[in-house]
Each structure stands twice: as C-alpha cells, then as structure tokens.
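Undergrad: Structure here, sequence nowhere to be found:
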C-alpha cells in the first residue's frame with residue numbers, strides 16, 4: 001500500500017465573497033464594490049471569474065483606490081443585469097499548499 005504525503009492530498013476549503021454593483025459602464029463592463037477592502041492587493045484577484053445574476057464575468061482591473069473593481073463580460077450582457085444583483089466570487093484554498101495561492 002503506498003504512503004501518502006500531505007502534498008498529494010488535495011483537501012481544500014471553499015470561500016464565497018459577495019459584493020454589489022456600483023454602476024454599469026456599457027454592455028461589456030460594470031463597476032463593482034464591497035467585495036474587497038481598499039488595502040487589498042487587487043493583482044491577486046485579476047482574472048478570476050465572478051457570478052452576477054447567472055452570468056459569468058471576469059475581474060478586469062482595480063478601479064480607483066477604494067476597493068472598487070471592473071468586471072468585463074465576453075458578450076454584451078451588462079445592461080440586462082439588475083443593479084441590485086449581488087456579485088459573487090467563489091474561491092478554493094488548499095489546506096496543504098504552502099504558497100497560500102487563491103484558486104477557483
């Protein structure tokens with residue numbers, strides 16, 4: 001029987017963060033808020049997928065210095081999303097990963 005090391009075990013915890021829509025820029029881009037604190041390093045989250053009203057967008061960049069961010073869609077759907085919809089970010093954090101990298 002082979003022995004297992006901690007690195008071989010892929011045990012993770014799931015996390016969910018919720019934010020809100022600040023404003024809709026155009027059909028492809030909207031500005032979100034309340035998902036991150038203003039001290040957060042946004043470079044860690046750029047490129048991650050978020051779910052908004054059943055549609056999937058990608059965090060594109062930081063917007064300003066107050067923790068706001070841009071979400072970009074591949075298809076023109078941003079104007080069809082109600083402004084009261086929450087922005088949901090699902091994350092995985094692997095227990096035995098020494099780098100503590102954020103994954104989806």
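TA: Great, that's in hand. As the structure is a computational prediction, the values presented were derived from the model and not from experiment.

Undergrad: For residue 3, report the pLDDT, please.
TA: At residue 3, the model reports a pLDDT of 68.

Undergrad: now swap in residue 96 and tell me
TA: 81.

Undergrad: now it: how far from residue 77?
TA: Look at residue 96 and residue 77: by CB to CB, to the nearest Å, they are 38 Å apart. Where C-beta positions appear, they are placed from N, C-alpha and C, glycine not excepted.

Undergrad: Which one's more surrounded, these two?
TA: The residue with more neighbours, out of residue 96 and residue 77, is residue 77; 17 against 12, by other CB atoms under 10 Å.

Undergrad: Surely that one touches residue 27?
TA: Yes - counting by CB atoms under 8 Å, residue 77 touches residue 27, with 7.1 Å between them.

Undergrad: Count the residues that sit near the residue lying closest to residue 70 once chain neighbours are set aside.
TA: Distance criterion CB to CB, 6 or more residues apart in numbering; nearest residue to residue 70, sequence neighbours excluded, is residue 60 at 4.3 Å. Applying other CB under 10 Å, we find 16 residues neighbouring residue 60.
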